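Participant: the following block contains a protein sequence and its predicted model.
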There are 4 protein chains.
Amino acid sequence: MDLQTLTEQLRDFARRRDWGKFHSPKNIAMALAVEAAELMEPMQWLTEEQSRNPDETTRAHLADEMADVLLYLLQLADALEVDVLQAAFAKMERNETRFPPV
Amino acid sequence: MDLQTLTEQLRDFARRRDWGKFHSPKNIAMALAVEAAELMEPMQWLTEEQSRNPDETTRAHLADEMADVLLYLLQLADALEVDVLQAAFAKMERNETRFPPV
Amino acid sequence: MDLQTLTEQLRDFARRRDWGKFHSPKNIAMALAVEAAELMEPMQWLTEEQSRNPDETTRAHLADEMADVLLYLLQLADALEVDVLQAAFAKMERNETRFPPV
Amino acid sequence: MDLQTLTEQLRDFARRRDWGKFHSPKNIAMALAVEAAELMEPMQWLTEEQSRNPDETTRAHLADEMADVLLYLLQLADALEVDVLQAAFAKMERNETRFPPV
């Protein structure tokens, strides 16, 4: 159960529905931004403190929206032939320099 | 090089900067939505076709923004104790039923 | 029927519900971003051409989401004591210089 | 200085730059969502309380981003022939019923 397996499942899922024509990087990025907003929505009127301890229903809802973000992110990475995990490790290294620890 | 290792690096990175106080789920979700918009921004005036074949500079920029989305997603998952990879596989199963192949 | 009247209605609406405590600029900005995503969502899988000619149901849905964006924008402007109409005219002037006509 | 005048300035501005081809409702909605995120960004690590009292630089920055949101909202309304002010008053009426005052 890893990102590569999930990416292949997504590719297969879209192929069997003939959704390739919809999945331009532009469209996938829109869909990802919509899901990111849906992930933010249940917390918009909570205090920060409340958001640290969501009830079980909210937490399950948030987990579902996080899944959607990941699924579109992997589809975008696949469409653009980007290794997003490698890009994330590279970003971590740059951040280490950009934000020196106190 | 996997999500678990990356999550632990992120936790350590934030701890060494004493950023825990900023990282409420609410704030991380906002930051994630901002990064999702930054990922969309370079494609907003492209045609869908153009977005399928970005030049190398744009592709590198997009990879960098995708990395940021993944980093915040993992931090949010860590803060909420959600296994986002498992949630994504579970979502795939539900989608299989919700959207029957043609 | 103008922005000032609408702003006063919004202020009165929130006051009668005792929602002032929720309406920090940070929270209103989140709510506005969520509405902006909901405005984008019905067009995410349309072609650009299709988005130029939405059917009447979609157009009414979009009008409703545009209303939500405007309502939060005015509430944010009110909370921060910003004259958003004046800011928009000022921005137009700067854009005239930033993007010289061909 | 009203929304109608601003809308006509925007129409003229785009016409003189031949930007009509970029301004499909889909693209404008993306641009609006990007601006909404830029409006949220300066407040993402602030506490709610801090966001209620931004320093003058931040407030000017936020005013500028609010202007951008309004400009794209009016362009979208113009493209879709929606009277957004009327839609907002109509929404206020519905909200009065949806959320009865305490």
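Facilitator: Now that the structure is in, tell me what you want to look at.
Participant: got the phi and psi for A:Asp2?
Facilitator: When quoted as degrees, to the nearest 10, the phi and psi of A:Asp2 stand at phi -140, psi 180.
Participant: so the nearest residue to it once chain neighbours are set aside versus chain C, what's the distance?
Facilitator: The spatially closest residue to A:Asp2, leaving aside those adjacent along the chain, is B:Asp2, at 6.7 Å (C-beta to C-beta, 6 or more residues apart in numbering or on different chains). All C-beta atoms are positioned from the backbone trio N, CA, C, and that covers glycine. Shown here: B:Asp2 relative to chain C, a distance of 30 Å by C-beta to the nearest C-beta, to the nearest Å.
Participant: tally of neighbours for B:Asp2?
Facilitator: Neighbouring residues of B:Asp2 were enumerated by other C-beta atoms under 10 Å in any protein chain shown; the total is 10.
Participant: A:Phe89 is in contact with that one, correct?
Facilitator: No. Here B:Asp2 lies out of contact with A:Phe89, judged by C-beta atoms under 8 Å, at a distance of 10.2 Å.
Participant: by proximity to chain C, which residue of chain A wins?
Facilitator: For chain A, the residue closest to chain C is A:Ala37, as judged by C-beta to the nearest C-beta, at 3.3 Å.
Participant: which stretches of chain A form helices?
Facilitator: A:3-17, A:25-40, A:48-52, A:56-80, A:84-98 (DSSP state H).
Participant: for the second one, C-alpha coordinates in CSV please.
Facilitator: Included here for helix A:25-40 are C-alpha records, laid out as CSV according to Å, rounded to 0.1, in the frame of the first residue of the first chain:
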residue,chain,number,x,y,z
PRO,A,25,-3.4,19.4,-15.4
LYS,A,26,-5.4,22.6,-15.4
ASN,A,27,-8.6,20.8,-14.5
ILE,A,28,-7.0,18.5,-12.0
ALA,A,29,-5.4,21.6,-10.2
MET,A,30,-8.9,23.2,-10.1
ALA,A,31,-10.4,20.0,-8.6
LEU,A,32,-7.6,19.8,-6.0
ALA,A,33,-8.2,23.4,-5.0
VAL,A,34,-11.9,22.7,-4.6
GLU,A,35,-11.1,19.7,-2.3
ALA,A,36,-8.6,21.8,-0.3
ALA,A,37,-11.4,24.3,0.3
GLU,A,38,-13.8,21.5,1.3
LEU,A,39,-11.1,20.4,3.8
MET,A,40,-10.9,23.9,5.2
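Participant: helices or strands up against it?
Facilitator: helix A:56-80, helix B:25-40, helix B:48-52, helix B:56-80, helix C:25-40 (3 or more C-beta pairs under 8 Å, 6 or more residues apart in numbering or on different chains; DSSP states H and E).
Participant: distance to A:Gly20 and mean neighbour count added to these, as TSV?
Facilitator: Putting the helices and strands packed on helix A:25-40 into TSV (distance: least, C-beta to C-beta, whole Å; neighbours: other C-beta atoms under 10 Å in any protein chain shown) gives the following:
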stretch	distance to A:Gly20	mean neighbour count
helix A:56-80	9	21
helix B:25-40	20	27
helix B:48-52	10	15
helix B:56-80	19	21
helix C:25-40	22	27
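Participant: mean pLDDT added to the ones you listed, as JSON lines?
Facilitator: Putting these into JSON lines (pLDDT from 0 to 100) gives the following:
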{"stretch": "helix A:56-80", "mean pLDDT": "98"}
{"stretch": "helix B:25-40", "mean pLDDT": "98"}
{"stretch": "helix B:48-52", "mean pLDDT": "98"}
{"stretch": "helix B:56-80", "mean pLDDT": "98"}
{"stretch": "helix C:25-40", "mean pLDDT": "98"}
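Participant: interface residues of chain A facing chain D?
Facilitator: Residues of chain A lying close to chain D (C-beta under 8 Å from any C-beta of the partner chain) are A:30, A:33, A:47-48.
Participant: and the two most separated of these?
Facilitator: Within the residues of chain A next to chain D, A:Met30 and A:Thr47 form the most distant pair, 30.4 Å apart (C-beta to C-beta).
Participant: give the contact list for A:Arg17.
Facilitator: Under the criterion of C-beta atoms under 8 Å, 6 or more residues apart in numbering or on different chains, the contact partners of A:Arg17 comprise B:99, B:101-102.
Participant: returning to that earlier point: residues contacting the residue of chain A closest to chain C?
Facilitator: A:Ala37 is in contact with B:33, C:33-34, C:36-38, counting by C-beta under 8 Å, 6+ apart.
Participant: let's see 6 Å
Facilitator: Remark: with contacts taken as C-beta atoms under 6 Å, 6 or more residues apart in numbering or on different chains, A:Ala37 is in contact with B:33, C:34, C:37.
Participant: got it, and A:Val69?
Facilitator: For A:Val69, the contacting residues are A:35-36, B:73, by C-beta under 6 Å, 6+ apart.
Participant: include distance to D:Met66 when you put those into a markdown table, please.
Facilitator: As requested, the contacts of A:Val69 are exported to a markdown table (distance: C-beta to C-beta, whole Å):
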| residue | distance to D:Met66 |
| --- | --- |
| A:Glu35 | 25 |
| A:Ala36 | 21 |
| B:Leu73 | 28 |
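Participant: how about the residues of chain A that lie near chain C?
Facilitator: Counting by C-beta under 6 Å from any C-beta of the partner chain, chain A comes close to chain C at A:22, A:30-31, A:34, A:37, A:41, A:44-45.
Participant: so which of those residues comes closest to chain D?
Facilitator: Using C-beta to the nearest C-beta, A:Met30 is the member of the residues of chain A next to chain C that sits closest to chain D, with 6.2 Å.
Participant: hmm, C:Gln44 and the closest one touching each other?
Facilitator: Yes. With the criterion set as C-beta atoms under 6 Å, A:Met30 and C:Gln44 qualify as a contacting pair; they are 4.4 Å apart.
Participant: which residues does A:Phe13 contact?
Facilitator: In this structure, A:Phe13 makes contact with no residue, judged by C-beta under 6 Å, 6+ apart.
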